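Visitor: okay, here's the prediction I keep looking at, along with the sequence it came from:
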Amino acid sequence: MSRVLTRLAAILVAVGLFFTSQSLTTPQQAAAADPGYLMVHFTGEGSTNQQMYLSHSADGLHWNDLNGGGMVLRSTVGTRGVRDPALVRSPDGSKYWIIATDLCISCGQTWDSSINDGSRNLVVWESTDLATWSQPWLLNVAGAIPDGRNAWAPEAIWDPQTNDYVLYWATNVPLNGKTKHRIYYARTSDFHTITTPQTYIERPGAQEIIDTQIIEMPSGVGAYRYVRASGDGQITLEGSNSILGTWTNLGNLSGVGLTGAMVEGPMWMKFNGTNKWALYLDQYASSGGYMPVLTTDPSNPASYQKQASSSYSMGGTKKRHGWIMNLTAAEESRVLARFPNTPANRLQSYNFQDRYVRHTNFDVRIDQNVTSQDAQFRLRTGLVGSGTVSFESVNFPGYFLRQDGTDFQLVYNDGTSQFAQDATFNKVAGLADATWSSFQSYNHPDRYIRHYAFELKLDPITNATGRSDATFRVTS
């Protein structure tokens, strides 16, 4: 009898493990009405890929590129490139920040120069709605660190004990003539000013640590309020009950076949409505982009499970070291409305058909055979509302064609009503050919977009030459 009971118990344990494994491998998807997830990331090397991109997922495992797969924010400060972004939400949801590494590899910087004499700044954007963002600014975080050589992979977390943010990042302070990245921290309430940086995490000897991300745990899960994952030769897990308190080493992910030689950039995500998490890891060694490993207890290294490639999809662009936010319904609505997959188009001149509208040094003209992103625009729903159009630059997102008197420039949207009116047009049948298009000014309806001496102008149209100059084809 005891042998039968033993066998029965073993079967029940196996069944239980099977269903536990299944629940981790295929987490229950949120109900259709539930909001999804937003990822901010970069996509690779070069000046275009080292900018800010957004992706959205309804279930946390299958991702869709927003904005047609194009960048959503471009850094115009510092090195003019950004990597490793974090997305920070204020406790009351009234403000958001993106903080990112000021780094542009292969567009003016090498890895050696960025390690040993890189930017000491972070790049910061601010928003009140996740849809419209400020111009970027530089935040010097490593300048006060003696012999600090750079500032990489920033993160921030709200500290309820002090009602401000703990901002932390990696800085190289050489040790015995060799590279030695440590994690430093400072406090901030606005990401404009910080307290004096202090050492936060340092590994023994010459071991570096670069990528660290902290997640707050719900009550009753694991033994710690906070868990952090770090890249330090492994993907190391640690736990603590205080952000700046004592942290306990919990182990690493080498037991599930994931070492620091293979993956980096740990990025947490909690599935909605359930105590299940994904830890996304960037497969940098194989150039494979992100992959998720799932767990029901982030503090337990043995609980993590790798996923079959068929169980997730990262979308059309490669996702590199970023951050995932669980959206509210209102946030999701605003983001999806602002960054739909509107195609990139060119505007071809009717009477000079080898010329296209383009921007150069933020001035706007028509030039011959332009195929670069300087001549690519997204025809957005007009900034004043539906039924109209506005022209947003592809390679300077947030910048629109704006009339200023009779002239045109590419200008960053300042969010004012005046800007919206100046950058909005009615798309009508072409004045010279009804199969083409013309664009009537919203706030000066007697004027149209035209070219004159190859410069883009806003003029009344009174003759055949003007009608030809004011006619364009929207083309790929």
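Guide: Arrived safely.
Visitor: going forward, measure contacts between C-alpha atoms and count neighbours the same way
Guide: OK.
Visitor: pull the residues that contact stretch 447-465.
Guide: Applying Cα atoms under 8 Å, 6 or more residues apart in numbering, the external contacts of stretch 447-465 come out as 357, 364-367, 403, 405-408, 432, 438-441, 446, 466-467, 469-471.
Visitor: just the endpoints, please. Distance across that stretch?
Guide: 15 Å (Cα to Cα, to the nearest Å).
Visitor: could you give the mean pLDDT of it?
Guide: Throughout stretch 447-465, pLDDT has a mean value of 97.
Visitor: same question, stretch 243-252
Guide: 97.
Visitor: same check, this time on stretch 78-94
Guide: 97.
Visitor: before we move on, back to that, put the buried members of the contacts of stretch 447-465 into a PyMOL selection.
Guide: Of those, the buried ones go into a single PyMOL selection, burial set by 16 or more other Cα atoms under 10 Å:
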select buried, resi 357+364+365+366+367+403+408+432+438+439+440+441+466+467+469+470+471
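Visitor: just give me the neighbour total for residue 94.
Guide: Per other Cα atoms under 10 Å, the neighbour tally for residue 94 reads 11.
Visitor: could you do residue 145 as well?
Guide: Around residue 145 there are 18 residues (other Cα under 10 Å).
Visitor: I figured it was touching residue 197, is that so?
Guide: Yes. If you go by Cα atoms under 8 Å, residue 145 and residue 197 touch, sitting 6.8 Å apart.
Visitor: ok so residue 336 is a strand residue?
Guide: No. Counting by DSSP: H, G, I helix; E, B strand; the rest coil, residue 336 is not found in a strand; it is helix.
Visitor: tell me the pLDDT at it?
Guide: 97.
Visitor: can you check residue 33 too?
Guide: 56.
Visitor: just use 21 as the starting number from now, easier for me
Guide: Yep, numbering from 21; the last one is residue 53 now.
Visitor: tell me the contacts of residue 461?
Guide: Residue 461 sits in contact with 442, 444, 445, 446, 467, 468, 469, 478, where contact means Cα under 8 Å, 6+ apart.
Visitor: per-residue pLDDT, residue 38?
Guide: 40.
Visitor: can you check residue 198 too?
Guide: Residue 198 is assigned a pLDDT of 84 by the prediction.
Visitor: so what's the residue count around the spatially closest residue to it that is not a sequence neighbour?
Guide: Excluding its sequence neighbours, the residue lying closest to residue 198 (Cα to Cα, 6 or more residues apart in numbering) is residue 226, at 7.7 Å. With neighbours defined by other Cα under 10 Å, the count for residue 226 comes to 14.
Visitor: surely residue 226 and residue 194 touch.
Guide: No. Assessed by Cα under 8 Å, residue 226 is found out of contact with residue 194, at 9.2 Å.
Visitor: and for those two, which residues touch both?
Guide: residue 200.
Visitor: hang on, the earlier thing: so which strand or helix has the residue nearest to residue 198?
Guide: Secondary structure assignment for residue 226, by DSSP states H and E: no helix or strand.
Visitor: how about it, what does it touch?
Guide: 195, 198, 199, 200.
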